[in-house]
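Asks: Prediction below, plus the sequence it came from.
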Amino acid sequence: MTQDVERELSRLRWRARRGMRELDRLFERYLDRAWRQAPESERAVFLRLLEVEDDKLWHWFMGHDTPADAELAQLVDAIRALPP
């Protein structure tokens, strides 16, 4: 089981890479600190978040805009609130 979880995390880390240091760190922080304990529904929202264009993610995470989707907005807020 642990090996499967680590393999999945490795795949997610690769998918979460954006080439923008700030976004990369936010996603890494979430994967390191919250993903393992997250319910399946939150994990599904995270996968949807990874499909969003980088410029939208940047605006959302920097607080310049808010996702129209309430689930995405909630997860963005939760990721932003994780301590550095």
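Replies: Sure thing, it's come through.
Asks: Report the secondary structure element holding D32.
Replies: helix 21-33 (DSSP states H and E).
Asks: And the average pLDDT for that helix is what?
Replies: On average, the pLDDT along helix 21-33 is 96.
Asks: tell me what that helix is packed against?
Replies: helix 2-16, helix 54-61, helix 70-81 (3 or more CB pairs under 8 Å, 6 or more residues apart in numbering; DSSP states H and E). For every residue, glycine as well, the C-beta is placed using N, CA and C.
Asks: Following it in sequence, what is the next regular element?
Replies: helix 40-50.
Asks: picking up where we left off before, okay, the helices and strands packed on helix 21-33 in CSV with mean neighbour count and mean pLDDT next?
Replies: As requested, these are exported to CSV (neighbours: other CB atoms under 10 Å; pLDDT from 0 to 100):
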stretch, mean neighbour count, mean pLDDT
helix 2-16, 12, 93
helix 54-61, 16, 96
helix 70-81, 15, 98
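Asks: Compare those and give me the one nearest R43.
Replies: Among the helices and strands packed on helix 21-33, helix 2-16 comes nearest to R43, with 9.1 Å by CB to CB.
Asks: now that closest one, how far from the centre of its chain.
Replies: 13 Å (CA atoms, centre = their mean, to the nearest Å).
Asks: before we move on, back to that, for the helices and strands packed on helix 21-33, which one sits closest to V45?
Replies: Checked against CB to CB, the stretch from these lying closest is helix 70-81, at 4.8 Å.
Asks: picking up where we left off before, show me what counts as buried in the helix holding D32.
Replies: Applying a neighbour-count criterion of 16 or more other CB atoms under 10 Å, one finds 23, 26-27, 30-31 buried in helix 21-33.
Asks: between it and helix 2-16, how big is the angle?
Replies: With axes from the mean of the first three to the mean of the last three CA atoms, to 10 degrees applied, the angle from helix 21-33 to helix 2-16 works out at 170 degrees.
Asks: ok, residues contacting helix 21-33?
Replies: 9, 12-13, 16-18, 46, 54, 57-58, 61-62, 78-80, 82, 84 (CB atoms under 8 Å, 6 or more residues apart in numbering).
Asks: rewinding a little: a markdown table please, covering the helices and strands packed on helix 21-33 and showing distance to E42.
Replies: Shown next, in a markdown table, are the helices and strands packed on helix 21-33 (distance: least, CB to CB, whole Å):
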| stretch | distance to E42 |
| --- | --- |
| helix 2-16 | 13 |
| helix 54-61 | 16 |
| helix 70-81 | 7 |
